[in-house]
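Student: need a structure here:
(chains A, B, C and D)
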4 protein chains.
Amino acid sequence: MRPGNNGLFIPGPTNMPHTLRQAMDVPLEDHRSPTFPELPLSLFKDLKQVFKLDRGQVFIFPGSGTGGWEAAITNTLSPGDTVLESVFGQFSHLWVDLCQRHGLNVETIEVEWGEGAPVELYAERLAADKEHKIKAVLVCHNETATGVTSDVAGVRQAMDACDHPALLMVDGVSSIASIDFRMSEWGIDLAVSGSQKGFMLPAGLSIIGASEKALDASKEAKCAKCYFDFVDMINANKDGYFPYTPATTLLHGLRASIDLLFSEGLDKVFKRHHRIAEGVRTAVDAWGLSLCAKEPKWYSDTVSAICVPDGFDANHVLSMAYDRYNLSLGAGLSKVSGRVFRIGHLGWINELMVMQALAGSEMAMRDVGIEIEPGSGVGAAEEYYRQTAEPVTLQDAKAS
Amino acid sequence: MRPGNNGLFIPGPTNMPHTLRQAMDVPLEDHRSPTFPELPLSLFKDLKQVFKLDRGQVFIFPGSGTGGWEAAITNTLSPGDTVLESVFGQFSHLWVDLCQRHGLNVETIEVEWGEGAPVELYAERLAADKEHKIKAVLVCHNETATGVTSDVAGVRQAMDACDHPALLMVDGVSSIASIDFRMSEWGIDLAVSGSQKGFMLPAGLSIIGASEKALDASKEAKCAKCYFDFVDMINANKDGYFPYTPATTLLHGLRASIDLLFSEGLDKVFKRHHRIAEGVRTAVDAWGLSLCAKEPKWYSDTVSAICVPDGFDANHVLSMAYDRYNLSLGAGLSKVSGRVFRIGHLGWINELMVMQALAGSEMAMRDVGIEIEPGSGVGAAEEYYRQTAEPVTLQDAKAS
Amino acid sequence: MRPGNNGLFIPGPTNMPHTLRQAMDVPLEDHRSPTFPELPLSLFKDLKQVFKLDRGQVFIFPGSGTGGWEAAITNTLSPGDTVLESVFGQFSHLWVDLCQRHGLNVETIEVEWGEGAPVELYAERLAADKEHKIKAVLVCHNETATGVTSDVAGVRQAMDACDHPALLMVDGVSSIASIDFRMSEWGIDLAVSGSQKGFMLPAGLSIIGASEKALDASKEAKCAKCYFDFVDMINANKDGYFPYTPATTLLHGLRASIDLLFSEGLDKVFKRHHRIAEGVRTAVDAWGLSLCAKEPKWYSDTVSAICVPDGFDANHVLSMAYDRYNLSLGAGLSKVSGRVFRIGHLGWINELMVMQALAGSEMAMRDVGIEIEPGSGVGAAEEYYRQTAEPVTLQDAKAS
Amino acid sequence: MRPGNNGLFIPGPTNMPHTLRQAMDVPLEDHRSPTFPELPLSLFKDLKQVFKLDRGQVFIFPGSGTGGWEAAITNTLSPGDTVLESVFGQFSHLWVDLCQRHGLNVETIEVEWGEGAPVELYAERLAADKEHKIKAVLVCHNETATGVTSDVAGVRQAMDACDHPALLMVDGVSSIASIDFRMSEWGIDLAVSGSQKGFMLPAGLSIIGASEKALDASKEAKCAKCYFDFVDMINANKDGYFPYTPATTLLHGLRASIDLLFSEGLDKVFKRHHRIAEGVRTAVDAWGLSLCAKEPKWYSDTVSAICVPDGFDANHVLSMAYDRYNLSLGAGLSKVSGRVFRIGHLGWINELMVMQALAGSEMAMRDVGIEIEPGSGVGAAEEYYRQTAEPVTLQDAKAS
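Tutor: The predicted model follows:
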């Protein structure tokens, strides 16, 4: 065991607040007891608030984000159905693959990695689909592989512009509860999340929001499913139970997570993520490096993918960071492997925590020969954070 | 919050050992770090020993037992395939339902609840299936609803007797790691378990053993799947990784669980479960009541379903136990609802723990008017346990 | 590691509620931070309510009950001072010893073990002490060794009857927070408790209530002390700090403990302890055995010392219970070693938990040859608990 | 609750490793059970190795460092005895006070804060004490208030040079288990430590090493004590028990702590502390500031007290750090209040953890107007740590 804590700065799982860890550290219990329903019923209600879902239902499955994608697809579509999705990173790519394995016909829009969902191209394709063959439009809200956040509301506008009746499905795994997300306002029909990102919990829960339209679609959908079946869930959930043994400890964690999110306030959570992310971007700038995300409008507030200069291997930076300084950064995946390393900055994080990642990145980059100025990124971030900190005056400080 | 601990005697989740609780109470971690694989690789190896699987592979999915059934089915069968299953309780019934939803043609053998898998009827059906239409034979090893354990080895013999090439799939959710289970010796191709029974963990993991024959079958199987796909698992698992974020905290718990099982010794674990169960059955006898399980050969060592006398509602016993004495017993499900209540006696349990369930059952039964002698069951169990306890002599006792 | 949980029925430490365990499972913190005082200040305030102390102060030291005795003595008395104490068990005996080591002159009233504080003898001695040489009157409220609770109010009346100005010091280690205790009403000047009994926490805190009169006395007291000095505590505590590093994790546990006590309600806590104890005494009766406590008025609601029949060694019962059934009972101490075994029934306990102790005692007694009827004690306790349970009707039960 | 973790950089309590936290998170237990002694006996044995004590005994009391001082003094000295101590900080000052309250005659050597134990002055005083009135020589090994480590071996040499028979007592609270400490080699008779510094646990245990000479002295010592009496401990400890209820959960934590220290290796623990400290000192240098410790030979490897420039109030730095950035630094105490702030860098710490303290100090200093270059200290520390890191080559890094 290496001395000192591991610095965990991957884009999920994240640093877990102690209150959440504790909330899950409970004796096991009877999930069919008469008092059990109180917990799930409160979660179903409050998750709608987190998703900003007015009507519809939120489902909780033992699973991962991938399971959430599968639940969304199989409950609302039938083999042979056409879906439209843009691909601009590893996770949008994998969703396409999942759709194909379930017998869907996927129309993809290939986009350069570093850009986000191409609203205009979506608009074109949708407008061209006069016969409404496209049954679902898929968008990855926050592409974790490239640190790119997309304009989901824009895609909805594109759909509305041509009155397209397809379902709008959004991968919000690494955005929900960290980045502004408005399920009903943006007209999202299915939104997929997991426990291990903005909810700051261990992996193990797929959390899926479904609009009324999605629930209606589930009555006709012919994709095979049983484990992820909405219908069984709807029947059991209405009384606060589950069709099979739920992951009760994670449910307790989710309760504590939502309580924590609400106690800070969702808007403040989003602002905090933005501010932490801006500090990281200020540091990247001070290093003279650039992000994988091509334009500021794509910048993700939960993860930054940082390009190493030509001639260097980003994986070497990662190895140095991990082996020498016990710092876990995110690797570049697939197309950008070796070209970027990623700093995850979501969840239970504050200014000084992220300094570990910045200082460690500086050290690891210098170890592999990248010529950045030691302390330059940290210093720039310090100044950004100082200038944007809550104004505590000396007077307050003295009084405290 | 009611004073004192809840007495948890449902047939899973079970009482969790403190070492397992602690093992899961860890910081989150990077599931792609270079040191991460050590944990899963050790689990894959040791789970084969728990399943007594010589060749083949054990898979760990974030999921439940139901997810395990789905994984077993969808990875090895194709829509339209015929499977043979006997139904004698709620869980064998639900597995049939799952098969049907995935497009399989299920031949069922209906058996009276309280009996187990009818080896002779399996033999007849298999012998009659000259064309080998039956692609898989499904058996529920331990039917949790009725407290009945079946003769899996007998079913295998029936298959072998007519050289039937079908896959043998076994639901071992409430038997594996508690009751003798020999995957290779019994020629089982797919064995399904979950974390919340014999492994004494929270629900959240599907654990599935697959023989080489099952792995071969997975290459041809056409049932749609992605989340539960063996192929992705095989590719990632071989290096100790997973195709998507695994439930790392449960993996740590599973490590501690297996360590605990091995430190006691699987054979001793089985003997302990048998002895605890025998004590419960001795108490039932002393009460003048009978088990749902019709014959001793069916008696389950992990759960006892106890029939209340005619004219009484077993659910009233449960309510009294829970509301007055904070005791969680298992309800009768479906066909036997109201006719039986169940005492789960699996996992981390010893003589005195089960006394809570027996004393509480006596109190609750008397509360609803069932005329049993107070203390009769407990006293009978005491004598059974005394006579079968490890022989500690006074000399030893004094020395300690 | 032996399978299943240890049955912990010693008179402290007790079974710890999970909420308390969790409350202590926190990161370490700066005990000089500006926000730290909130915790101790809330404790100081609420502990007065637990002690039922109107005016005065409650102190929290890292220590044990013995440390509490030392703090009470050394802060209010001077070497050579005379104190009066009755001795009727191991703990009242040890307090005398502690006083002597600090140079006090101890007048003891020896009482047969099994009886409590002899109010009449106190009255005599105090009345005879015309010159008020006696500076403090010491009473053990609940003698843990014999399971005897004394009449502290009676001793106060004896003091008042002769207008005796001595301080009244009470060992409430195994009574406070479990048995009715009224510091101000009973005119107690110093009351000593610890974290590991009624507070249901691990050992590690001495908790001492001091009346205003005791605080006044502390200004003149000449017994040497520094670690346990009230003055340093008073100075630091007023702002919510401590003179040296406090045991912060136990303070968090204490917060949770008081919250739990208040949420149940102190009166209900006392009633619950009485009812649980009555059930144990009903069982002892059914066994045909007797308690060490001579008369019902002495019966303790936190611990029962049970006499084994002549010719048997109570320690053998203990050894059998521990070695064969993983049950921890309390040994007879000193004078009653071998003659009694003790069942602790305080803290976080309910009917079915105590059944473990009763069933295990029956088994262990029979193992050593004591001829009690198996199940007799348990059965008698069952009936007592049933008849005194909260009246849940079938109707309620069905509705829940 | 403020988002993100608190940065804890006070000189104890320290960051607690998760394995230690878990080790204490156990059910309560019977401290008189036949199996209990295994734990304390292993601790007594292994603590001698931590203290590097060949013969003699290590005691564990529920208490704090102050309690340890009191135990050392009261068990080996008598009222009126003379002791010699140098005072150069708040903690050496408080020990003098404690001695005086126990009736000792304290000869003090006042030293400027920022210097350490003056070996020459000790030598003079001891040489002058021809009649050996001085019964004990007290030295604070690591003065936590000023970040100064003293030469204990030098004091021993001064004693030996004049054949002085006094006991040598050392306050090792903030040095033992973090900084090289050799009880037998340096001829230390009493060494005092606590659980919350190098042992990385919560406060709550006083840990005291006593040489055979100290144990002999305890037979004659007349200072009043009972709670802290070595004799009761010796009698009970020899069989692995305690004279009163021990703080069992902390004992489990101590077991895990020693296991962790041994698994890293004490020498590596000391080297790690030195390296981390050197990085901090490199940063202080880069800021253009100076330490309270006057000379490199006094530099402490567990805590650095950093002087703010004239005209600034160090407490403002602290307030800013805490209020704005959730960073807990140590305040200047007593004489150096307002002149220094302290960074504790002991326990479970690595390079990147300390970066939080350095970056936060930079931000807080700039917030109050101290003109240091943002990132300058962090950058300097980065380079120091890089150059002194274990040589992981790219080849290793790639392979891992």
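Student: Near chain C, which residues of chain A are found?
Tutor: Applying Cβ under 8 Å from any Cβ of the partner chain, we find that chain A lies next to chain C at A:18, A:22, A:25, A:26, A:27, A:34, A:35, A:400. Glycine gets a C-beta too; all of them are placed from N, C-alpha and C.
Student: May I have the predicted confidence score for the last one?
Tutor: If you check residue A:400, the pLDDT there is 46.
Student: Please name the spatially closest residue to whatever residue of the stretch 251-400 of chain A ends up closest to chain B (chain neighbours excluded).
Tutor: At 4.0 Å from chain B, residue A:328 is the closest residue in the stretch 251-400 of chain A, using Cβ to the nearest Cβ. Among residues not flanking residue A:328 along the chain, residue B:30 sits closest, at 4.0 Å (Cβ to Cβ, 6 or more residues apart in numbering or on different chains).
Student: Counting neighbours, what do you get for the residue of the stretch 101-250 of chain A found nearest chain C?
Tutor: In the stretch 101-250 of chain A, the residue that lies nearest chain C is residue A:249 (12.2 Å; Cβ to the nearest Cβ). Residue A:249 has 29 neighbouring residues, counting by other Cβ atoms under 10 Å in any protein chain shown.
Student: so which strand or helix has it?
Tutor: helix A:248-264 (DSSP states H and E).
Student: is it true that residue A:367 touches residue A:325?
Tutor: No - applying Cβ atoms under 8 Å as the test, residue A:367 and residue A:325 come out as separate, 9.0 Å apart.
Student: Neighbour count: these two, which is higher?
Tutor: For residue A:367 versus residue A:325, the count of surrounding residues by other Cβ under 10 Å is larger for residue A:325: 28 against 22.
Student: re earlier: the residue nearest to residue A:328 against residue A:12, yeah?
Tutor: No - look at residue B:30 against residue A:12 with Cβ under 8 Å: they stay out of range, at 9.9 Å.
Student: Settle it for me: which of those two has more neighbours?
Tutor: A side-by-side neighbour count of residue B:30 and residue A:12, using other Cβ under 10 Å, places residue A:12 first with 28 against 22.
Student: tell me the mean pLDDT over stretch A:317-329?
Tutor: 97.
Student: Tell me where the longest helix sits in chain A.
Tutor: Using DSSP state H, we find that the single longest helix of chain A is helix A:266-286.
Student: okay, that helix in PDB with CA atoms only?
Tutor: Only the C-alpha atoms of helix A:266-286 are listed here, as PDB (Å, rounded to 0.1, in the frame of the first residue of the first chain):
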ATOM      1  CA  LEU A 266     -28.400  22.300  -7.900                       C
ATOM      2  CA  ASP A 267     -27.600  25.700  -9.400                       C
ATOM      3  CA  LYS A 268     -24.800  26.100  -7.000                       C
ATOM      4  CA  VAL A 269     -23.500  22.700  -7.800                       C
ATOM      5  CA  PHE A 270     -23.500  23.600 -11.500                       C
ATOM      6  CA  LYS A 271     -21.700  26.900 -10.800                       C
ATOM      7  CA  ARG A 272     -19.100  25.200  -8.600                       C
ATOM      8  CA  HIS A 273     -18.400  22.700 -11.400                       C
ATOM      9  CA  HIS A 274     -18.100  25.500 -13.900                       C
ATOM     10  CA  ARG A 275     -15.700  27.500 -11.700                       C
ATOM     11  CA  ILE A 276     -13.500  24.500 -10.900                       C
ATOM     12  CA  ALA A 277     -13.400  23.600 -14.600                       C
ATOM     13  CA  GLU A 278     -12.500  27.200 -15.500                       C
ATOM     14  CA  GLY A 279      -9.600  27.100 -13.100                       C
ATOM     15  CA  VAL A 280      -8.300  23.900 -14.800                       C
ATOM     16  CA  ARG A 281      -8.700  25.500 -18.200                       C
ATOM     17  CA  THR A 282      -6.800  28.600 -17.000                       C
ATOM     18  CA  ALA A 283      -4.000  26.200 -16.000                       C
ATOM     19  CA  VAL A 284      -4.000  24.500 -19.400                       C
ATOM     20  CA  ASP A 285      -3.700  27.900 -21.000                       C
ATOM     21  CA  ALA A 286      -0.800  28.800 -18.700                       C
END
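Student: is any part of that helix close to chain D?
Tutor: Yes - Helix A:266-286 is in contact with chain D by Cβ under 8 Å from any Cβ, via A:269, A:272.
Student: which residues of chain A fall in strands?
Tutor: With DSSP state E, the ranges of strands along chain A come out as A:7-9, A:57-63, A:82-87, A:105-110, A:134-140, A:142-143, A:148-149, A:167-171, A:190-194, A:204-210, A:290-291, A:303-307, A:327-331, A:340-344.
Student: Nearest approach to residue A:317 belongs to which of those?
Tutor: Judged by Cβ to Cβ, the one of these that comes nearest to residue A:317 is strand A:340-344, at 5.1 Å.
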